[in-house]
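Enquirer: take a look and give me a structure for this.
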Amino acid sequence: MKKTFAEIQKTMKELAEFTAMQAELEAQIDSLKDELKEYMKDENIDEILGENGEHAVWRKVISNRFDSTAFKKSEWGELYKEFTKPTETKPFKFFA
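Expert: From the prediction side, this is the model:
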């Protein structure tokens, strides 16, 4: 069923409210994570288990990534162009 403009305005207001709540929750979550990381750093541990099955891991991970910027600027820049293809996205953004 197609919604009216007034219904969509209500939806946008509700989304704005939930977005604000999400931002508050993310800030609280980040703060709790920081507390855990500080404890783990102080205790020199990279893993901790909670009494209800919670599990926190904070350790270095080394990964190798392809440096496409350097490759583009190198002598193989034309090869880079041959193997790149355009992609199309349609991101949804909401600002409250």
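
Enquirer: and residue 12, helix, strand or coil?
Expert: Following DSSP: H, G, I helix; E, B strand; the rest coil, residue 12 is assigned to helix.

Enquirer: now it, nearest residue through space, not along the chain?
Expert: Counting by Cβ to Cβ, 6 or more residues apart in numbering, residue 12 lies nearest to residue 94, which is 7.9 Å off, once chain neighbours are set aside. The way it works is simple: take the backbone N, C-alpha and C, and place the C-beta from them, glycine included.

Enquirer: burial check on that neighbour, number of neighbours?
Expert: By other Cβ atoms under 10 Å, the residues close to residue 94 number 8.

Enquirer: is it in contact with residue 19, as I believe?
Expert: Yes - between residue 94 and residue 19 there is a contact under Cβ atoms under 8 Å: 6.7 Å.

Enquirer: doesn't the residue nearest to residue 12 lie inside a helix?
Expert: No - under three-state DSSP, residue 94 sits outside any helix and is assigned coil.

Enquirer: per-residue pLDDT, the residue most central in space within the chain?
Expert: For the chain, the residue nearest the mean C-alpha position is residue 26 (11.2 Å; Cα atoms, centre = their mean). Looking at residue 26, its pLDDT stands at 98.

Enquirer: so how far is residue 47 from it?
Expert: Here residue 26 is placed at a distance of 24 Å from residue 47 (Cβ to Cβ, to the nearest Å).

Enquirer: how about residue 83?
Expert: 40 Å.

Enquirer: next, the buried residues of the host helix or strand of residue 8.
Expert: Under the criterion of DSSP states H and E, residue 8 resides in helix 5-43. Neighbour-count burial for helix 5-43, counted by 16 or more other Cβ atoms under 10 Å, picks out residue 40.

Enquirer: that helix packs against which elements?
Expert: Helix 5-43 is packed against strand 47-49, with contacts defined by 3 or more Cβ pairs under 8 Å, 6 or more residues apart in numbering; DSSP states H and E.

Enquirer: thanks again, I'm all set now.
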